[in-house]
Structure formats: structure tokens, C-alpha cells
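# Output the structure for:
(5 chains)
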Amino acid sequence: MYVKRNLGWGLILRYAWINLIFFSGYAFVVFSLYHFLDWKFIDIPFQPLSVIGIAVSFYIGFKNSQSYDRFWEGRKIWGGIVNYSRTWAMQVISFIKTNDREQDHKIHTQLIHRHIAWLNALRVQLRQPKSWSLKENRAVEKLFDKHDERNASCNEAYNYVSMREFSDLKKRVNPATHLVKNQGVDVAKLKREGKLDGFQEDQLMSCLEEFYNLQGKCERIKNTPFPRQYGYFSKVFTWIFVLLIPFGLLNVFEKHLLEYTTDGMEWMIFLQIPFSVLISWIFTTMEIVGDNSEDPFEGRVNDVPMTALCRTIEIDLRDMLNQVELPKPIQPKDHILY
Amino acid sequence: MYVKRNLGWGLILRYAWINLIFFSGYAFVVFSLYHFLDWKFIDIPFQPLSVIGIAVSFYIGFKNSQSYDRFWEGRKIWGGIVNYSRTWAMQVISFIKTNDREQDHKIHTQLIHRHIAWLNALRVQLRQPKSWSLKENRAVEKLFDKHDERNASCNEAYNYVSMREFSDLKKRVNPATHLVKNQGVDVAKLKREGKLDGFQEDQLMSCLEEFYNLQGKCERIKNTPFPRQYGYFSKVFTWIFVLLIPFGLLNVFEKHLLEYTTDGMEWMIFLQIPFSVLISWIFTTMEIVGDNSEDPFEGRVNDVPMTALCRTIEIDLRDMLNQVELPKPIQPKDHILY
Amino acid sequence: MYVKRNLGWGLILRYAWINLIFFSGYAFVVFSLYHFLDWKFIDIPFQPLSVIGIAVSFYIGFKNSQSYDRFWEGRKIWGGIVNYSRTWAMQVISFIKTNDREQDHKIHTQLIHRHIAWLNALRVQLRQPKSWSLKENRAVEKLFDKHDERNASCNEAYNYVSMREFSDLKKRVNPATHLVKNQGVDVAKLKREGKLDGFQEDQLMSCLEEFYNLQGKCERIKNTPFPRQYGYFSKVFTWIFVLLIPFGLLNVFEKHLLEYTTDGMEWMIFLQIPFSVLISWIFTTMEIVGDNSEDPFEGRVNDVPMTALCRTIEIDLRDMLNQVELPKPIQPKDHILY
Amino acid sequence: MYVKRNLGWGLILRYAWINLIFFSGYAFVVFSLYHFLDWKFIDIPFQPLSVIGIAVSFYIGFKNSQSYDRFWEGRKIWGGIVNYSRTWAMQVISFIKTNDREQDHKIHTQLIHRHIAWLNALRVQLRQPKSWSLKENRAVEKLFDKHDERNASCNEAYNYVSMREFSDLKKRVNPATHLVKNQGVDVAKLKREGKLDGFQEDQLMSCLEEFYNLQGKCERIKNTPFPRQYGYFSKVFTWIFVLLIPFGLLNVFEKHLLEYTTDGMEWMIFLQIPFSVLISWIFTTMEIVGDNSEDPFEGRVNDVPMTALCRTIEIDLRDMLNQVELPKPIQPKDHILY
Amino acid sequence: MYVKRNLGWGLILRYAWINLIFFSGYAFVVFSLYHFLDWKFIDIPFQPLSVIGIAVSFYIGFKNSQSYDRFWEGRKIWGGIVNYSRTWAMQVISFIKTNDREQDHKIHTQLIHRHIAWLNALRVQLRQPKSWSLKENRAVEKLFDKHDERNASCNEAYNYVSMREFSDLKKRVNPATHLVKNQGVDVAKLKREGKLDGFQEDQLMSCLEEFYNLQGKCERIKNTPFPRQYGYFSKVFTWIFVLLIPFGLLNVFEKHLLEYTTDGMEWMIFLQIPFSVLISWIFTTMEIVGDNSEDPFEGRVNDVPMTALCRTIEIDLRDMLNQVELPKPIQPKDHILY
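Just a heads-up that it's a prediction; the model follows:
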């Protein structure tokens, strides 16, 4: 998640430089064919291009709006994880209270620490790349490689569950699922031991149900790409439009020159090159903005800051346990919070 | 569900080839009438076409957006099935725990296996074709026939319920409905036997209620086509626009040629043919993209991968039962996950 | 609900024929005034018409999208009725189980049959026409009159409640409301008799609460028209646009003819008549598509198939009661499922 | 709520007449400056106006869509009030049943009548005007003043609570809030007296919680205007566009006349005046349609018919209490249901 | 929150004056280069600008719509806080009722006052500025500085919790979280003491769960800016469009002048300056309107009036406790309610 109001132009260029060079070269070639080789026939009328342009704008608009929804849904889910983590801790601490203070504290710690383990296990599962993951140019990818958030390993879980549970988890297909199940087994056991009554068991089990819902929602977004027929044709149509633009401008600018400007100014038609680059950049940028929000759990510049959220929850929960040495919040790297 | 970032051009051509040939031929005929037979009167002005084009873009945009919502709702429902399947298993395993370990395990297995039977029964019911099912050209249909996911039979259920229950189910109108009812009857029996208390019965029954909701939501989407008046006119209007395009371009290109290009270049007007094909392809593709997401349970390229999801749940649940020989996850065929 | 992929052209013409004749005549008159009487001054420029056309497209788009939402919400509510009907039956059958099998079965039948009575009472209430109901031309209305689904009477309820209850219901303002209340009174009585415990009463009452919610949601859509200021101006603006179209085309086609076609071809301007009819038909059809989805419970071609859904639920529920002679599912009439 | 399909033209003129006169006069003045005083320089090109027109259409579209959502949310909330009122009555009647029939009936009546008092208290609170309330021209306001629904006083509550409770309520800041609280206190008292068990208390309290939610949602919409920066600039931009229209048309029509019409027809340019009025009317009407749905509880032509809904609920609830003399449903006045 | 129907022009100018001066100067410079220095080559054709304009309108429309959703979600959350605060108070007052009236009242007061402390703690946390907070020009910022709502300190909490609790809270990372936890611990204690039964504990704990949800939702919006790639490029594209506008108008107006106006009127081209300023102002204002709704908790002109809402709740709750000296509602300052 980018945490400054304005994107730095360094970052924007890092994404755009290849395209900018390509658009300039391409527009120059088109212009040269027309002007120097006198291939006057390659210009195309602008009117049908307008219709394509508007249709493409709609299409990109749809994609951007759905991509944003995927991001925002991802963020909402993690918001839900924050909320129910606090509820879980509050319920554990309020409900389990016997005369044996020490034993109580041990149970509190076990149930809350296993929850922290679940958080981190889930985060790490979500950060693994998929067959449809986005690849940007090397300049961009290098930045993320430097920040190194995309292949985190789950060493945090180490400290939060017992050795025996940990070695069992390593054999499981989906460790996060089993962590929640283990919570459920423990809660039912506490009920049978009389440390919880039926109402309290019910509430704690509802929390666990909620954790399964939240985990499953994350997995749904992670495992289902934005339908590729929508996403891919958005890119294809944008590029078709962008590649036709210089041909369309030839005509508009020429007509223009013929009608209104004085002689000896024919070189003015060069002006169409930056103009063509500008339009191309606007449309491809709109397209890329959507592309970069489609998958919100990848550890890229616009993704849900799961590492920071896990840490926030960890601090809150350990503060509730009255632990004193709390870890520090995660700090953004180059204005990106992961 | 297509699992690569970019669609292969082979797949795109498989869908588009007939249209591409048709558009080329059509544009050529229109052009020939105009140019060789000198039917100059058949051109039509482009300005009103622009307005139709923009109105059609809106209409397609609406259809695409609703089709996407139907797909995404379908995917969300199956996400919910994943989540509540885990909750069901967690509750069964946590709640039913007596001194008789073996008997417990038998009950766990029965309740969880019957749930797997329900999953597969539901999947198979949803994969049956409807009177409004989409038909693509033969090249596309052959691909799906090869992958053979559209008429699956429910042999999986065989292994997961007793013979007696199975033969009863075969007589029922809607077997999935009866599987959930049988779970309910068992849960209430366990309650009467004292193996569950009221709170726990309540929670398990809530799960079953949720399964009915999820099943019914799937059936709603399956049994209600995207309202045909919206879907069909979208296609009609798109084709009207696309069939008018070559007539509109005649005029624009001619004007163009008359005004700006030198003599002997009249053949340049041929350029309008690929341009016309391109616009036609863009608009029909936008339309087809929506068409292919309308019905998300058919076992086509963009549908909800129910087979893979059923398998994932099966693996998770049998892992929770500590079974050792787990089946393998479903693999995509030609990059399509079913 | 129309259940074929493509609308038949017979059905489309049934809706459109009056408009098509009118548009042709109107365009012919406008053209004649211009061409034969030489009223050259009646043409209007097309540019401002474009802006009106685009604004009108937006407006229609908004209306269509909201109309679709109303239909889809209606369908979702009836989906919810399907789901909770099953849950109700499952709970009744699971919970009420004593040693007296026969008595149990009688209670099951009573509670489930009264529910079927509620379904049909609700359906019939929703099918009554309102002061703002849509009226189409006679050809269309005759079709619906033939199918006779718009003024169904509630004779189905007859068979499903006792004579005494039936005669009480006939005196009530809103019989569906009282059927649910009677279920509630019965449930509380079963609780007092010890046939249900508190948890079970709680769950059954939640079902009834849900039925009130679902019934009330249907009534909300039924009793609140799509706000008339939105719906009516959509029609007014569309018709203003459509009536201006021939005047606007006069100019575009004339300019066209003057500039590009040879002499003796003036009659070519007649081409504008079919073109004008086509644009008019597209815009009015877009408008009508929305109109026909606004009120989803009327028993028209695009409405929620409540009769079929009631029958489906009835079959499912009586199958759960192990009744043998189940009624047949409702079949579509002329491809329309009611 | 307007309850006919088509708005009467009388009503439309009542809203529009001032604007229509103004637009005509304005267009005439602009035209006269141009034509008679020969201020040829005041015309402005239409192309940039098109872009403004389209941008303004978007903006109005957004406002209309959000206004509709506010209306529809208001209507949904009142739908919820209908549903939970019935649930409340059903629960009260089913749960509170002892051997003392008369005493039971007294409690039923007290809890249900106090609920009717709450309904009316809420309705009256919502009908009070706010500092941002819409003011239309006098002709429109007179209509509403005649129907007199905007400053209703809460005399209905008189009959439904005891004198002592009534005089306490009059001292409270928000009487509706205290009515619900009093229900809660009574319910808890019935529980302590053993007339309700824990499950039943729980369900009744959930209903009350729901009433607070529904009341609070109404208050949210009532107390938060549609954000004024969105609403006001929509009006400003529309008027800027509308005021520029005659200047833009000067040019289009003039060009038109110059090119295509014969001499002596210069007065034809007068045609632009009705055309200008028409465009202006369409855009301002679109804008006004949104304006009139923003605040759905004011007692205007398009608002939620709270008086009618309160009466409907009152009839239903008193029918459940088997009262015989039920009040009549509210009838629309001049096709407006309040 | 702005509480008048129409924004004052003083306020609008306060936001816009710098831009207006800049646009005028800029358009003048462009015009001068063209007209006085005769740099005729700097004009650009308007047709491609139209396409950019429409694409930019879409983009701004998307941003405005999402910003509005963020505001409205923020307002809904605070609406939820109002509702559940009342429910909390109702439950506390209804449930905790023993023979010891005085002790009851003490508990009521403690639980309700701590809730008021939580409200204010949350409000103050949400009003702290973030690294991506919007900065307007000095004239605007001075207004907010004067009203002084952006860095409120939490002295209100002082009066509502005991000294001991207060000094503990000051050491906590997130005091609001701990206030809710303390409520939970108290509720469980009251249950153990027999002052609440299981059902009642369950309902009170559900309320607390809801408070965590509401708090977490606020924090989600507060801590997640509107994704900067969407927000920033909206500004960039708008400004690119706006900076190109004068160049595009040069051409349109010139063509205009050449074709239709008499000699000696060349200075008429000056008219394009106000026209250019107008278009620029419309587009930048649309953009700014979105910008100002993105972050709804900052204490700016369009934000959620948390101070007023906290006060409203406080009055309602203390009125429920039958306290006599209630504080006054918050009044708007310069028509802005904070």
C-alpha cells in the first residue's frame, strides 16, 4: 500500500519508461512513413477511432472498477480479521477465569498465541505467487525483490505454537485450516472440563466460524483471478486503440495544417508525436492501474499491507495479555507498506 | 476457469474464426458494390452511427457487468461452501467426543463423508445443461467435449454414503436436498442420545441451514438465465451496429481519399476492409465476453471450477479426519480448470 | 421468465409492430414535407442531437440497470423462500420426534402443509394488478390473458389448512401474515407441551421471522413502483429523441448526397427512412426492455416464475414427508415459465 | 409516492413552468442580440459544449443514481419496520401465554400498542424539515401544503401508551428511543416474573435491537444530506451548460442555414429557440428528478409513504390482536400516497 | 458536514481562487503566443481532445463515486455506533436489576459511562492526521484551523472512567480497544456473580463484538487511503486535459472566426479565455469534489460529523440514565457541523 498522497514521478517512470520509449519510436516511424516516404495513404479517419476510444474507455472503466472492488474486498476481509481477532482475545480473557490465575493465563496465552500463528500462516499462504501472477518490467520487479515481501516464510508461527503442534502442522495440506480446527477442539475440551459454559462455547465457536469465513474469502480472491477474458481483452483493445492513434492523428493534424497554418511550417506536424505519446500513455496507464489492483495479496506496491496488519494485531493482542515487550509496528519501505 | 494471465491466440481464434471470415467477406462485398458496381448511394453517414455505437457500448457494458456479477456470485457461493464445509467438520470433530473413541470416529466419518456426497451431488446437478444453454461453434464445443466436464455423473457419492441411503436417494427428486435433511435427522438423534447438547445441536443445524442457503443460491443462478430480453437485444444491437459499420466507413474513407490523397491511389479504400473487420471484431468480442460468463456452472472455459473446489474440500476434510491416502488436487486441462 | 436463449421474432414483433408502423409513417411524412413540399427549413443539425442521444442512453441505462435489480432482487427473495422452506421442513422433521410416530407425522404434515398454503397465498397476493401496472398493446396483452396467470385465485390453500383455519383466514386483511402467526402459535404450544426444547423453538421461530422478512420484501417491491419520475421521464426523453431523429437525418443525408453522389439519385434520400426507423426502434426497445422488468411479480413474460417455484417447493417438501403421489413440475407455455 | 404509471402533465408543468418561461425568454434575448443587433461574435463553437454536455450527463447520472439509492434505502428500512413489527407481534402473542387469558391479552395489547406508538413517533420525527430541505416554486409547495403531511404532530401516540408514560415521553429528547427502551424494561420484567424464558427474552430483545437499527438508519438518512458538494455542483454545472446552449446553437443553426437553405428563410433561425428550450428542459429535468429523491422522508411527491405504511402495520397488528374495528388504509391524494 | 442546501460562493472561491487566477493567466499566455507572436502552430485539433475529455470524465466519475462510497460507509458505521450504543444502554438498564437499586444504578452508570469514554476515544483517534492527508491552499486550511476540530484531545474520557482505569489506558497502544475489553471483563464478572444469566451475557457480548466491528471498520477507512494509483492519476489526467484545453480552443475559435464573423472582430478570440477558464474550472472542481470526500474522518468541510454524533449519543444515553443536566447538542460553525 502506497502511503503518500502523490505518487513519486520516479515510481511512475519506473513503470512507464519502456512504453514511453516505444510510443515515441512508433509514432516517429509512422510519421516518417507518411511525411518522408510520402505514404499518404496510411492515415485513417479519426471519427471511427473516437468510437473505439469511447468503447475502450468504458471497458477499462469496468475493469478498473472491478479491480478496485477486489482490492477493497481484500482490505475489508483483513479488516474483519482485525476485528474478530480482538473479539476472540476479549472473549478468551473474559470467559476463562477460575481461581487458578496462573493456569488461566496459560490458557489465555495458548489460545491467543495460536491465533497469532494462524494470522501469519494465512499471510504467508496468500503471499505465494500463482500461475496468473502479474509480471512487470525488470525495473519494477527489482524494487519488489529488494523489499522481499513476496515469498515470506512462516517462521513467525514457530514461536506461537508448541513444538508438537508445529511438527503436525508441517504435514498438513493447509496449516491455517488445522490451526482453527485445533482451537475448536480446545474450546470444546474447556467446555467439557467446565471452564466454559454452553453460551460461551457457542460464542467462541462463532468466532472460529468467522475465521474460516475470512480465511476462505481470502483464498477465494487469491485462487480466482479476475476472469481472464475480461482482463486480457481490456489490454488487447487498449493496445489496438493506442497503435491506431498515430495513424488517426496524421490525418487530423494534416488537415489542420492545410487549413490554418502558413507555409514552411510543415515540420509542425512533428507536434503530433508528443501528442500521440501523451494519449497512448494516458490510456495504457488507465489500463495498468487496473492490472495492478486485481490481485491484492501479492506483496506489490498497491496490495493489502498484510504484514503490517498482522503486526498490528499481534501488538494489540499481546497488549491485552499484559505482555510488556511489544514488537514495533511495521514501517513503510520507499513509502510502500507491505 | 482459465488460469494463465494471457489468453492464447489459439483459443481466441477458435472462438472468432467464423466471425472473422464473415466480416472480411461482408466488408469486401459492401466495398465491391460501392467501388466496382459504383453503387455510390449505399454509403451512410457516420455521425448517427457514432451515436448507435456509443449506445451499444453502454448496453454491452451493462450486460458484461451483470454477467461478471453472476460469475462472481457463483464463485462466492462456492467459496461459502468451502468455508462452511470446514466449519461443519470442525464442529463435528470438536463436539462429538465421548469415551468411546472408535464410535466417535465412526460418527465423525459418517457426517463428514455424507457432506462430501452432498458436495458432489450438488456439483453434478449444476453441471446439467438447460434449455437456454449457450452454444458456440463446433471448434469450441469440441474442446469442451474433449475435456468432458459437462455431463459428469455422480459416482463419487457412491463411496460416501451407505448403500441403503444411496438407493433411497436415487428415488428422490432432488438428492442434494435429502442429503442435508438426513444430516439434520442424524444431528437431532445425536442430541436425543445426549452426545450433543442444545447449543451444539443449534450450531450444527445452523450449518445445515447455511448449506441449504448455498445450494439454493446455486440453483437460483442455474435455473434463472440472465433475463433474455437484456441478453438477446445486446446481441441484436451489436450485430446491427456491426453490419452497418462497412457502409459507414465507405463514406468516411471516400471523403478522406477525395480530400487528402493523390490520384491513382483509389485502391487505398481497400484499407477500410481490415479496419471494418477490426471494429466488428472488437464489438462482437465485447459481446461474447459477457455471453460466456452469464452461466457460471456449465463446465466451460470461464466457469466456476466446481470439480477442483470439491476436490479441495474433500482433501481438507479427509485430512481433518486424519486419513492418510488423500486424493490429488485437480489439474487444469489446456490451462482450463474445471 | 423466458426460457429460450433467443427471443422469437414473433414475440419481438408482437411488442414492436405498432411502433414500427408509426416510425415508418412518421419518417415518411417528415421526408415528404422536406422533399416534396420543399420545406427545407425543417431539418435540424445533428450535433446537438448527438448530445441528447448520449444523455438519453445514460438515462435509459440507469433505468434498465435499476429495473434489472428489481427483477433480480425479486428472484433472490423467492430463492430465499425456497431455501428457508427446505430448512423449515428439515427442522420440523428432525426436531419433532417422540415415541408416537403417528402423532409426529400428523404434526409434521400440519406444519409443512400450512407452509405450502402460505407460499400460495403469498403468490396470489403478489399477482394482483396495481394502479401503476404496465399496459402493453392488445396483441401482447392477449398472449398473457391466454396464459392466464395474472389473476390466479388461491384455491390451493384450500387443501393445506383445516376448514376452520381457512374460514378464519378469509376474514383477515392479509392472510399470508396470519398463516405465519399461526405457525408461531403452534410452535410455542409444542414447546409448552415439551415436544420442542428452547433451542429448537428458537430455531423454528427464526425461520418464521425469515418468512416475514421474505414476505415483506416481496410486498415492498410489489407496493412500491419504480419511482415514476425516473421511469416516466425516461420514456418522455426517449420519445423526444426518437421524434427528432428524422429531422436530424434529413440534414445529414442531404449534406451527404450533395457532396458525394451523382445526379438523378436524389431519391436515395429515401434510404433515411429505414435508417430512421432502425435508430428509433433500437432506442425504444432499450427503453421497453427496462419497462418490462420493473415489476417482477405480474405474471408477464419476464417476471419471476412464482407458480413454478411454488410447485418446486411443494414437490420437495412433500417428498421430504415421504408422500408418494407428487404433483408434476410446471411446464413453460410458449417458452414462458410463470 | 406517486401511484400512477404516467406523471400528469399538470404536475410536470407545475414544476417546470418558471424554467420554461425563463428558457424561452433567455433564448429569445440571445437570439435577438445575434440576429437583430448583429452581435455575431457571441456565438460559441458547439464541439467543446458537447464535451461539457457529456461530462454533465455523467455527473447528473451519478447524482440521480445516488438519490435513487437514498430513496430505495429509505423504503427498504420501512420495509424492515413492517417485517419486524409483524415478527414482534407474532412473538408477543405466541410466547406470552399463561392460564390467565385476560392478563395475557392485556400484556399483548400493551406491548403491541406501545409499538404502534413508536411507529408514529418515528414517522413524525422524520417528517420535520431540516436546514437543507428542498424548496420548490410556490405552485409546487402549495400542493404539499394542501396535503399537509409535512408537519404532522404525534397525536396518534396518545391512544397507545398510558397517560403516565406519555407525560414522561414528552420530557425526553428523543421519545422514539425511550419507547423501545421501555419495551426492553418490560420484557426483562416479564422474564424475571417467569412469563418468558431466556430464549424468548433473547428473541424479543433481538427484535428491539432491530428496531433501534431501523430507527437509527432512518435518522442517518434524515440527518445527513446528500453531500452538498456533490448535489450543489451538479446543479451549478447543469445550469452553466444550459445557459451556454443558446450561444452554441446560434452557431450550429447559422452554419446550417448558410449552407443548405434558400434565401428569405433567415427567420428560420428562430427554430433554434424551441430547440434550445427543449434541451434546457431535458437537462434541468434530469437534474430535478435527482433533487426530488434525495431526502425520502419529507412528505413530498416522491417520498416514502410513511403515513400509509404506519397505517398498514397498525391494521395488521390490531388484526392479530383480533380487534374488530380496524382503521381504513390511507388513500392517495391527487395520486400521491403519503 | 455542510448543512445548507447551497454552498456559499465565498466557500467555493476560497477553494478555487488560486486555480481561477492560474487558468486565466495560462489561457492568456497561450492566446498571446498565438495571436500576438503569431505562433499559429501551437494550436491542436479538438477531436482527440474530446476523446481525452470523455475518458477523463469517466475516470473522475469513478473516483467521485468511490469517494462518495467511502464517505457514506463512514457515515453508516457511525450510524451503527449510534444504534448499538442505544441497544447497549437498553440492555444494561433492562438486564441488571436486583433488589439493590442503588448498586444497580452504579453498575448502569459505570457500563454506560465507559461506553461514552470509548466513543470519544475512538473519535479522537480517528481525527489524527495521516501521511497521505489532503492539504488544501492556506485560505481553506485557515478555516479549519479556526474551527479546530482536527487535533482534538481526549479530555472527555477523563470524566467517564475511574482514575485507575484512565491511567492504565494511557499506557496502552490503542485505548479504545482496551475500553471494550474492560467492558467484556466486567460483563463476564457480573455473570459469575449471578447478576446476569447466560442469555444476557451472550447479548451484551454480542454488542461488544459489534463495537469492535464498528471500531475496526472506522480504522480500516482511516488507515487505508483511497488507492493512490487511482486517486493520483485522476488528478494528473485532469490537469493534462485542462492544460491542453486552451490550445484546443485556439483552433476551434479561429476556425469559427474565419468562417462566420466580419473583419475587425479578431479580438473576439479573446472570448476563448473565459470559456477556457470555465471548462478548466468545471473539470478541476469535479476532481476536487472527489478528493474532499475520500477521507471522511479528518474534520474537514465534508466529513462525518463525529463530534456532533458523539454528543447526540451522550445526550441519549444520559437521558436513559435519567440524568437531569444534559449537555447541549453541537452547533454548526459557518454552516459546517463537525
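# how near is the spatially most central residue of chain A to chain C?
Averaging the C-alpha coordinates of chain A gives a centre point, and the residue nearest to it by CA atoms, centre = their mean is A:P296 (2.3 Å). A:P296 sits 26 Å away from chain C, taking CB to the nearest CB, to the nearest Å as the criterion. (Glycine included, C-beta is placed from N, CA and C.)
# Am I right that that residue is in a strand?
No: checked against DSSP: H, G, I helix; E, B strand; the rest coil, A:P296 lies outside a strand; its state is coil.
# need the contact list for it.
By CB atoms under 8 Å, 6 or more residues apart in numbering or on different chains, the contact set of A:P296 is A:70-71, A:73-75, A:221, A:302-304.
# Mean pLDDT per helix and strand in chain A: which one sits at the bottom?
helix A:155-158 (a mean of 66; mean pLDDT, DSSP states H and E).
# Low-confidence bits of chain A, can you list those?
Within chain A, the set of residues satisfying pLDDT under 70 comprises A:151-157, A:255-269.
# one more time with 80
Residue ranges of chain A with pLDDT under 80: A:35, A:38-43, A:148-158, A:251-271.
# how about the helices of it, start to end?
Counting by DSSP state H, chain A has these helices, from start to end: A:9-35, A:46-95, A:101-126, A:138-147, A:155-158, A:163-169, A:175-192, A:198-223, A:228-260, A:272-291, A:306-320.
# Please convert these to CSV, extending it with mean neighbour count and distance to chain B.
Formatted as CSV, the entries for the helices of chain A read as follows, by neighbours: other CB atoms under 10 Å in any protein chain shown; distance: least, CB to the nearest CB, whole Å:
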stretch, mean neighbour count, distance to chain B
helix A:9-35, 16, 11
helix A:46-95, 23, 4
helix A:101-126, 20, 13
helix A:138-147, 14, 15
helix A:155-158, 16, 18
helix A:163-169, 14, 10
helix A:175-192, 21, 4
helix A:198-223, 22, 4
helix A:228-260, 21, 4
helix A:272-291, 22, 9
helix A:306-320, 21, 19
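# For C:I315, find the nearest of the ones you listed.
When the helices of chain A are ranked by proximity to C:I315, the top entry is helix A:198-223, at 32.3 Å, counting by CB to CB.
# Figure out how far the closest one is from the centre of its chain.
Centroid separation for helix A:198-223 versus its chain: 22 Å, with CA atoms, centre = their mean, to the nearest Å.
# quick check: angle from that helix to helix E:175-192?
Computed by axes from the mean of the first three to the mean of the last three CA atoms, to 10 degrees, the angle separating helix A:198-223 from helix E:175-192 equals 150 degrees.
# Which strands or helices does helix A:198-223 pack on?
For helix A:198-223, the elements it packs on are helix A:46-95, helix A:101-126, helix A:175-192, helix B:46-95, helix B:198-223, helix E:198-223, judged by 3 or more CB pairs under 8 Å, 6 or more residues apart in numbering or on different chains; DSSP states H and E.
# Mind doing that once more with 10 Å?
For helix A:198-223, the helices and strands in contact under the criterion 3 or more CB pairs under 10 Å, 6 or more residues apart in numbering or on different chains; DSSP states H and E are helix A:46-95, helix A:101-126, helix A:175-192, helix B:46-95, helix B:198-223, helix B:306-320, helix E:175-192, helix E:198-223.
# now for the second one, which elements pack on it?
The one in question is helix A:101-126. Of the remaining helices and strands, those touching helix A:101-126 by 3+ CB pairs under 10 Å, 6+ apart are helix A:46-95, helix A:155-158, helix A:163-169, helix A:175-192, helix A:198-223, helix A:306-320.
# Out of those, the one nearest E:V3 is which?
Closest approach to E:V3 among those is made by helix A:46-95 (29.3 Å; CB to CB).
# Please see if that closest one touches chain D.
Yes: counting by CB under 10 Å from any CB of the partner chain, chain D has neighbours in helix A:46-95: A:I54.
# Tell me how far that helix lies from the chain's centre.
Taking CA atoms, centre = their mean, one finds the center of helix A:46-95 at 9 Å from the center of the full chain.
# Same check on stretch A:304-314?
Taking the mean C-alpha point of stretch A:304-314 and that of its whole chain, the gap between them comes to 14 Å (CA atoms, centre = their mean).
# ok, that stretch near chain E or not?
Yes: contact check for stretch A:304-314 against chain E, using CB under 10 Å from any CB: residues in range are A:304-305, A:308-309, A:312.
# among the helices and strands packed on helix A:101-126, which is nearest C:D104?
Across these, closest to C:D104 is helix A:198-223 (CB to CB), at 26.8 Å.
# The stretch 1-150 of chain A against chain C: which residues are in contact?
Counting by CB under 10 Å from any CB, the stretch 1-150 of chain A comes close to chain C at A:I54.
# Would you point out which residue of the stretch 201-338 of chain A is nearest chain D?
A:D202 (12.0 Å; CB to the nearest CB).
# Grab the nearest non-local neighbour of that residue.
Closest residue to A:D202 in three dimensions, ignoring its sequence neighbours and counting by CB to CB, 6 or more residues apart in numbering or on different chains: B:F199, at 4.8 Å.
# And that neighbour, how far from B:A89?
Separation of B:F199 from B:A89 (CB to CB, to the nearest Å): 18 Å.
# just to revisit the earlier point, the residue of the stretch 201-338 of chain A closest to chain D contacts C:D202, doesn't it?
No: applying CB atoms under 10 Å as the test, A:D202 and C:D202 come out as separate, 12.0 Å apart.
# anything in contact with each of these two?
Shared between the contact lists of A:D202 and C:D202 (criterion: CB atoms under 10 Å, 6 or more residues apart in numbering or on different chains) are residues B:198, B:202.
# ok, back up a step: as a markdown table, the helices of chain A with distance to C:M286 would be great.
A markdown table is the format used below for the helices of chain A (distance: least, CB to CB, whole Å):
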| stretch | distance to C:M286 |
| --- | --- |
| helix A:9-35 | 38 |
| helix A:46-95 | 16 |
| helix A:101-126 | 43 |
| helix A:138-147 | 43 |
| helix A:155-158 | 56 |
| helix A:163-169 | 57 |
| helix A:175-192 | 49 |
| helix A:198-223 | 34 |
| helix A:228-260 | 23 |
| helix A:272-291 | 27 |
| helix A:306-320 | 45 |
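# Indicate which one of those helices is closest to C:N83.
Of all the helices of chain A, it is helix A:198-223 that lies closest to C:N83, at 18.2 Å by CB to CB.
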